[in-house]
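K.L.:
make a model of this:
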Amino acid sequence: MSGYVLAIDQGTTSSRAIVFNDQQQIVGMGKMEFTQHFPASGWVEHVPEEIWATSLWSAKTALKKAGVGASEIAAIGITNQRETTIVWERATGKAIHNAIVWQDRRTSKMCDRLKAAGHEKLVNKKTGAVQVTRVVVVHDCGLIINPDGLRSQIEGNVIQGVSRTLKEEVRYSGDRITSLAWEDGPGELGYPVLHFDEVPDIEIVLVNRPAEPAWGAGEASIGCLPGAIANAVFNATGARVRSLPMTPAVVKAALPA
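P.N.:
Purely as a prediction, here's the structure:
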């Protein structure tokens, strides 16, 4: 494909845009943070116009730094906050209220009622299959030097951690490991990982402590994933799964009869 690609990442704390050339190289970037509003305990809101303004500024800045005109953009990719909700007045195009952010807890009781009614589908009770759809990571990192690289590292480790929790099984025979090959047989991976359609939405909140040294981050997010997923399975089904991987057969055997 000739031309450039504009990627817009409208996140929870900032809006970011990146221009890539046809060699998949970054040629321009723009990023702007915006205000977090906390009108009550557990409530989180954003100003919709600020979301739009920072997204527009980031896109224009990325194009300017790349030396690229809008007509040279062949495609645009957009990712956003997903569950954050805005209601617009159709006649005026204006938002009728601040955006209710995905972190907001004011509807938690309603969510609890929906879960109690059986609408949460983390576990397929017929097959035992577990589908992790969302992971939220709050990472206390000390001084943050490269936030974009840090987010990429955390995302990769979350995907690896979920894969290990649900799929990867180390098999033994006597005194040796037998699961050594990448492919054990036709269509069977010795070290399976999540497929693209199984990758959860990953929300990352970085805690920056400029007065502290850079502690590093990323791999620490793997350690808590099995326990978090096991607790979610217990919350959804009442079954405790204490061994890994949580394959459909293992989970189904643990489900109440």
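K.L.:
low-confidence ranges, the stretch 151-257 of the chain, go.
P.N.:
Within the stretch 151-257 of the chain, the ranges that satisfy pLDDT under 70 run 179-191, 218.
K.L.:
helices along that one, start to end?
P.N.:
Secondary structure of the stretch 151-257 of the chain (DSSP state H, counting those that start in this stretch): helices located at 220-223, 225-237, 248-254.
K.L.:
make a markdown table out of the ones you listed and add mean neighbour count.
P.N.:
C-beta here means a position set from N, CA and C on the backbone, and glycine is covered the same way. Listed next are those as a markdown table, based on neighbours: other C-beta atoms under 10 Å:
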| stretch | mean neighbour count |
| --- | --- |
| helix 220-223 | 17 |
| helix 225-237 | 17 |
| helix 248-254 | 16 |
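K.L.:
out of those, the one nearest residue 128 is which?
P.N.:
Judged by C-beta to C-beta, the one of those that comes nearest to residue 128 is helix 248-254, at 2.9 Å.
K.L.:
just give me how far the closest one sits from the chain centre.
P.N.:
Offset of helix 248-254 from its chain centre (C-alpha atoms, centre = their mean, to the nearest Å): 26 Å.
K.L.:
export it as CSV, just CAs?
P.N.:
What follows is the C-alpha trace of helix 248-254 in CSV, where atoms were taken according to Å, rounded to 0.1, in the frame of the first residue of the first chain:
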residue,chain,number,x,y,z
PRO,A,248,-11.8,-26.2,29.1
ALA,A,249,-11.5,-29.8,30.4
VAL,A,250,-10.0,-28.6,33.7
VAL,A,251,-12.6,-25.8,34.3
LYS,A,252,-15.5,-28.0,33.3
ALA,A,253,-14.5,-30.7,35.7
ALA,A,254,-14.4,-28.1,38.5
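K.L.:
contacts for that helix?
P.N.:
By C-beta atoms under 8 Å, 6 or more residues apart in numbering, the residues outside helix 248-254 that reach it are 123, 124, 127, 128, 129, 130, 233, 239, 240, 241, 243.
K.L.:
need the nearest residue in space to residue 64, chain neighbours excluded.
P.N.:
Counting by C-beta to C-beta, 6 or more residues apart in numbering, residue 64 lies nearest to residue 28, which is 7.2 Å off, once chain neighbours are set aside.
K.L.:
contacting residues around the one you found?
P.N.:
Residue 28 makes contact with 18, 19, 61, 62, 63, 64, 65, 66, 67, 68, according to C-beta under 8 Å, 6+ apart.
K.L.:
how about the helices of the stretch 151-257 of the chain in JSON lines, adding distance to residue 117?
P.N.:
Formatted as JSON lines, the helices of the stretch 151-257 of the chain follow (distance: least, C-beta to C-beta, whole Å):
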{"stretch": "helix 220-223", "distance to residue 117": "32"}
{"stretch": "helix 225-237", "distance to residue 117": "12"}
{"stretch": "helix 248-254", "distance to residue 117": "21"}
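K.L.:
among these, which is nearest residue 79?
P.N.:
With C-beta to C-beta, the closest approach to residue 79 among those belongs to helix 220-223: 19.6 Å.
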